[in-house]
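Visitor: all I have is the shape, not the residue letters:
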C-alpha cells in the first residue's frame with residue numbers, strides 16, 4: 001500500500017534537506033551549545049558563498065571585454081550571491097521564525113481530523129508540482145557540478161584566480177569548493193519551498209476557519225471564531241513579515257539569472273552550454289512561481305472569511321454580535337498579502353504574470369544592446 005504523504009513528513013524532509021540553507025530555526029528551548037554551533041555553521045556557509053562571489057567578481061574585472069563570458073559569469077554570480085544574502089535574511093528573522101514554526105508544529109499536533117483532512121487536501125494538490133520542482137532544481141545542480149568533468153568546457157567553470165590552480169591538490173580543492181557552493185545555491189532555491197509551506201499552512205488555516213464560521217449556531221461559537229480570526233491574522237502577519245524580504249531577494253536574483261541565462265542560451269554557444277543555462281533560467285522562473293502560487297491562495301482564503309461570515313446565521317443573532325461580525329467582514333476587505341512597500345507589490349499570480357512580461361522585456365533589451373555595441377548577431 002502506498003504510504004500517504006503528510007504535513008509532518010513534509011516538514012521533517014525539509015528540515016533535513018535544507019540544512020545548508022540555514023533557513024530552519026533552532027528550537028525555542030535550544031541550549032547554549034546548539035546556538036554557538038548554529039552561528040558557526042551559518043558563518044561558514046556565508047563565507048563559502050562570499051569567496052565564490054569574490055572570485056567571480058575578480059573574473060569579471062579581468063574579462064570586461066568578453067561579452068559572452070560576462071553573460072555566463074553574471075548568471076553564476078546572481079546564483080552564488082544569493083547564498084550569503086539569503087542566509088543573512090533567514091538569520092535576521094530567526095527569532096520570528098522560531099515562533100512561527102513552534103506555533104505551526106503545535107497546531108498540527110492538536111489538529112482535529114477534519115482539519116487534518118484540509119491539510120491533506122492541500123498536500124495532494126501541491127505534491128506533484130513541488131516534487132517535480134525539486135527534481136528539476138536537483139538536475140540543474142547536478143548538471144552544473146559535473147559539467148566541467150563530462151563536457152568540453154573550462155575547469156574550473158569560467159573562474160579565474162590571482163594564483164595558479166592547475167596543479168594538484170589545489171585543482172581538486174577548488175573544484176570541491178565550486179561543487180559545495182553550487183549545492184548551497186541549490187538549497188537556497190529549494191528554501192523557497194519552505195517559504196511556500198508556511199504560506200500554504202496559513203491558507204489552509206483560513207479555509208478551516210471559513211468552514212467553522214459557516215457551521216456556527218450559538219453565540220459562544222461565534223465569539224470563539226472571532227477570537228480565532230484575530231489570532232490567525234496576527235499569525236499571518238508574522239509569516240508575511242518574516243518571508244517578504246526573502247521573497248523579494250528571490251525575485252531579484254531570479255530576474256538577473258533569467259536575463260543572463262537567456263542571453264547565453266540565445267548566443268552562439270555549444271549545445272551543451274546552452275542546455276546548462278536553459279535549466280538555470282527555467283529554475284529561476286519556477287523559483288518565483290513557487291512562492292507566488294501559495295501567496296495568491298492566502299489572498300483568496302483570507303478574503304473568503306468575509307463570505308463565510310455572510311453565509312452564517314448572523315441575521316438570527318443579537319445586534320451587538322452582528323456589529324462584531326460586520327467588523328470581521330470589513331477587515332476581510334484587506335486580505336493578507338506578501339508585500340514590501342515601494343519594492344514589491346502584492347505577490348500573487350497576477351504579479352507573476354507581470355514579472356514574466358517584465359523579465360522577458362529586460363532580456364530583449366539587453367540582447368539588442370549587446371548586439372549593437374559588439375556588432376554581433378546574438
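Guide: Thanks, I have the structure now. Since this is a predicted model, take the numbers as computed values, not measurements.

Visitor: mean confidence score for the longest helix seen in the chain?
Guide: Of all the segments assigned as helix in the chain under DSSP state H, the longest by residue count is helix 219-266. Averaged across helix 219-266, pLDDT comes to 84.

Visitor: buried sites along the next helix or strand after it?
Guide: With elements assigned by DSSP states H and E, the helix or strand that comes after helix 219-266 is helix 271-310. By neighbour count with 16 or more other C-beta atoms under 10 Å, helix 271-310 contains the buried residues 273-274, 276-281, 283-299, 301-306, 308-309. Every C-beta, even on glycine, is put in place using the N, C-alpha and C of the backbone.

Visitor: helix 271-310: how far from the chain's middle?
Guide: Mean C-alpha position of helix 271-310 versus that of the full chain (C-alpha atoms, centre = their mean, to the nearest Å) differs by 9 Å.

Visitor: tilt between it and helix 219-266?
Guide: Angle of helix 271-310 versus helix 219-266, following axes from the mean of the first three to the mean of the last three C-alpha atoms, to 10 degrees, is 160 degrees.

Visitor: which strands and helices sit next to the longest helix of the chain?
Guide: Using 3 or more C-beta pairs under 8 Å, 6 or more residues apart in numbering; DSSP states H and E as the contact definition, the elements that helix 219-266 packs against are helix 67-92, helix 94-110, helix 170-215, helix 271-310, helix 319-331, helix 349-374.

Visitor: which one of those helices has the poorest average confidence?
Guide: helix 319-331 (a mean of 69).

Visitor: show me what contacts residue 62?
Guide: If a contact means C-beta atoms under 8 Å, 6 or more residues apart in numbering, then residue 62 has residue 160 as its contacts.

Visitor: find me the pLDDT at it, would you?
Guide: Reported pLDDT for residue 62: 77.

Visitor: what's the spacing between it and residue 53?
Guide: 15 Å (C-beta to C-beta, to the nearest Å).

Visitor: ok, the nearest residue to residue 297 once chain neighbours are set aside to residue 48 distance?
Guide: Nearest non-adjacent residue to residue 297, counting by C-beta to C-beta, 6 or more residues apart in numbering: residue 203, 4.2 Å away. Distance from residue 203 to residue 48, counting by C-beta to C-beta: 35 Å.

Visitor: out of these two, which sits in the busier spot?
Guide: Neighbours around residue 203 and residue 48, counted as other C-beta atoms under 10 Å, are more numerous at residue 203. The numbers are 24 against 18.

Visitor: show me the contacts for that one.
Guide: By C-beta under 8 Å, 6+ apart, residue 203 lies in contact with 122, 294, 297-298, 300-302.

Visitor: if you set the cut-off to 7 Å instead, what comes out?
Guide: Contacts of residue 203 were listed using C-beta atoms under 7 Å, 6 or more residues apart in numbering, and they are 294, 297-298, 301.

Visitor: which one of these is nearest residue 118?
Guide: Nearest to residue 118 among these: residue 301, at 10.5 Å, using C-beta to C-beta.

Visitor: hang on, isn't that closest one packed against residue 209?
Guide: No - in this structure, residue 301 is not within contact of residue 209 by C-beta atoms under 7 Å, at 8.8 Å.

Visitor: identify the contacts common to the two.
Guide: Shared contacts of residue 301 and residue 209, counting by C-beta under 7 Å, 6+ apart, come down to nothing at all.

Visitor: how close does residue 51 sit to residue 41?
Guide: 16 Å.

Visitor: equivalent analysis for residue 95, please.
Guide: Distance of residue 95 to residue 41, computed by C-beta to C-beta: 17 Å.

Visitor: any buried residues in stretch 197-212, and which?
Guide: Neighbour count says stretch 197-212 has 197-210, 212 buried, by 16+ other C-beta under 10 Å.

Visitor: next one: stretch 336-353
Guide: In terms of neighbour count (16+ other C-beta under 10 Å), stretch 336-353 has its buried residues at 336-339, 344, 347-348, 351-352.

Visitor: what's the angle between the longest helix of the chain and helix 170-215?
Guide: Using the same axes, to 10 degrees, the inter-axis angle of helix 219-266 relative to helix 170-215 is 150 degrees.

Visitor: find the residue closest to residue 46 in space, skipping its chain neighbours.
Guide: Among residues not flanking residue 46 along the chain, residue 84 sits closest, at 4.4 Å (C-beta to C-beta, 6+ apart).

Visitor: give the contact list for the one you found.
Guide: Residues in contact with residue 84, defined by C-beta under 7 Å, 6+ apart, are 46, 49-50.

Visitor: most neighbours, which of those residues?
Guide: Of all the contacts of residue 84, residue 49 has the most neighbours under the rule other C-beta under 10 Å, reaching 24 neighbours.

Visitor: neighbours around the nearest residue to that one once chain neighbours are set aside, how many?
Guide: Nearest-residue entry for residue 49: residue 83, 3.1 Å, with adjacent residues in sequence omitted and distances by C-beta to C-beta, 6+ apart. Counted with other C-beta under 10 Å, residues neighbouring residue 83 total 28.

Visitor: ok, residue 83 - contacts?
Guide: By C-beta under 7 Å, 6+ apart, the neighbours of residue 83 are 49, 181, 184-185, 188.

Visitor: ok, now how distant is residue 34 from residue 47?
Guide: According to C-beta to C-beta, residue 34 and residue 47 sit 21 Å apart.

Visitor: for residue 282, same thing?
Guide: In this view, residue 282 and residue 47 are 30 Å apart by C-beta to C-beta.

Visitor: off-centre distance for stretch 218-235?
Guide: Using C-alpha atoms, centre = their mean, the distance between the centre of stretch 218-235 and that of its chain works out at 30 Å.

Visitor: quick one on the thing from earlier: between the helices and strands packed on helix 219-266, which gets nearest to residue 130?
Guide: Checking the helices and strands packed on helix 219-266 against residue 130 by C-beta to C-beta gives helix 170-215 as the closest, at 5.8 Å.
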